[in-house]
Every structure is written in structure tokens, then in C-alpha cells.
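**Student:** Provide a 3D model corresponding to the input given below.
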Amino acid sequence: MKVVVLLSGGVDSTACLAYYRRQRRQYVSALHVNYGQSARVRELRAARAVSAHYGVRLRTIRVSATRALDGYIPARNALLLTLALMHFGSGSGLVSLGIHAGTRYADCTPDFVRAMQAVFDVYAQGTVVIDAPFVEWRKGDIWRYLQKRRAPIRLTYSCELGKRQPCGTCPSCHDIQILGADAR
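**Tutor:** Numbers count the residues shown, from 1 in each chain. From the prediction side, this is the model:
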């Protein structure tokens, strides 16, 4: 069964890649999406470094945006999942999304995953399943998971504004500051 990990290059998606590689899944690949986000250059650099570290193929998709996209982006995870399904091709398997509990975002919940799975089922008749292995975890749990597995946290990039991290402004950088930027 193949696994496509949506890899932003951030801490959460890196945890997903570490999770599947730890399971010794043979057919793991990563998909990075440039949707016009301010962090696209730094995210892609991190996604390349992380995928190289784990020895997985990285594919990229570019979607043109009509404006600069910073911070919270409505429907972002729905877009990413839909693009991953379009990219998936034939066969069965998993699309992995690195979302977690403790955010204010409605698209980081088990209800969101169930709703999107219903959309996937319309098109893939249950052959492609959304897996969000950390949807019930908090950011600190993911951070500790990565540390325990000696994952390449230093290679990740998570600033939602595309700035030098931690920027001190966005929620992702705030998490990094709380959890230990010195561990990078």
C-alpha cells in the first residue's frame, strides 16, 4: 500500500514522514504544494532536505494564487488533500496530513478528516484513505515524538509568514518558542 505524505517541510509533516518510515513502509513518497504562501521558498528548501534525509521521493505541485497568502488560509487543508487525491493516481493507499489538536483551525480536527474522507470516497470509492496520525496529539506531543526518534527537527521550517523563525508572531513560531527553539 502506498503512502503519500503532504510535506510542507514543517515539524508536523516531518513527523508524519518519520512515522511512516519508522513503520518501514516501502512505498512512501512526499508531495509539496506551492499555493502562493509567503513561506514557499523556505518550505520547499526544508521539504527537500527532510525528504532527502528519509530517502523518499518528493514531488511538487504549483497552484497559482491571486494574492499573497500569509498566516491562516481558509480551506488550505481541503485544497492540499484534494490536490493529493488528484496526484495519487491508481491503486490504494493513504494520504497523510500532519494536523494536530490544540489549534484554533477547524481543518485540524477529526470531524474535518471524516468530512474530507467522505469527499475522497466519492472519487476513490474507499481505496484512498486520509490518515492524520497526530490529529489527537498536541504540538508538544509531536515535538517530543520527533526528539525521541532523533528526527531532523533542525531541517524543518514552520513559520506561517515566511520569515526567519521563530518570527514571534505566527502561531507556529509561537509553538517553536514554547517547545524549545534551542533544540533546533
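
**Student:** which residue packs closest to Arg42, ignoring adjacent ones?
**Tutor:** Nearest residue to Arg42, sequence neighbours excluded (Cβ to Cβ, 6 or more residues apart in numbering): Tyr157, at 4.6 Å. Every C-beta, even on glycine, is put in place using the N, C-alpha and C of the backbone.

**Student:** how far away is the residue of the chain most remote from its centre from Cys173?
**Tutor:** Computed with Cα atoms, centre = their mean, the residue of the chain farthest from its C-alpha average is Gln125, at 23.9 Å. As judged by Cβ to Cβ, to the nearest Å, Gln125 and Cys173 stand 41 Å apart.

**Student:** also Phe112?
**Tutor:** 23 Å.

**Student:** contacting residues for Cys108?
**Tutor:** Taking Cβ atoms under 8 Å, 6 or more residues apart in numbering as the contact definition, Cys108 lies against 77, 99-101, 135.

**Student:** wait, which of these is closest to Val56?
**Tutor:** If you rank those by distance to Val56 using Cβ to Cβ, Ile99 comes first, at 19.9 Å.

**Student:** count of neighbours near the closest one?
**Tutor:** Number of residues near Ile99 (other Cβ atoms under 10 Å) recorded here: 23.

**Student:** give me the three-state assignment for the residue nearest to it when sequence neighbours are not counted.
**Tutor:** Residue nearest to Ile99 in three dimensions, not counting chain neighbours: Cys108, with 4.1 Å by Cβ to Cβ, 6+ apart. Following DSSP: H, G, I helix; E, B strand; the rest coil, we place Cys108 in the coil state.

**Student:** go on, the one 10 residues further on?
**Tutor:** Put simply, Ala118 is helix when judged by three-state DSSP.

**Student:** which stretches in this structure count as strands?
**Tutor:** Under the criterion DSSP state E, the chain carries strands at the ranges 2-6, 28-34, 57-62, 93-96, 128-131.

**Student:** partners of the last one, with directions?
**Tutor:** Right, the one you point to is strand 128-131. strand 93-96 (parallel) (DSSP bridges).

**Student:** contact partners of the strand it pairs with?
**Tutor:** 1-6, 16, 19-20, 27, 81, 84-85, 88, 120, 127-133.

**Student:** where in this protein is pLDDT low?
**Tutor:** Residues of the chain that meet the criterion pLDDT under 70 lie in 65-71, 177-184.
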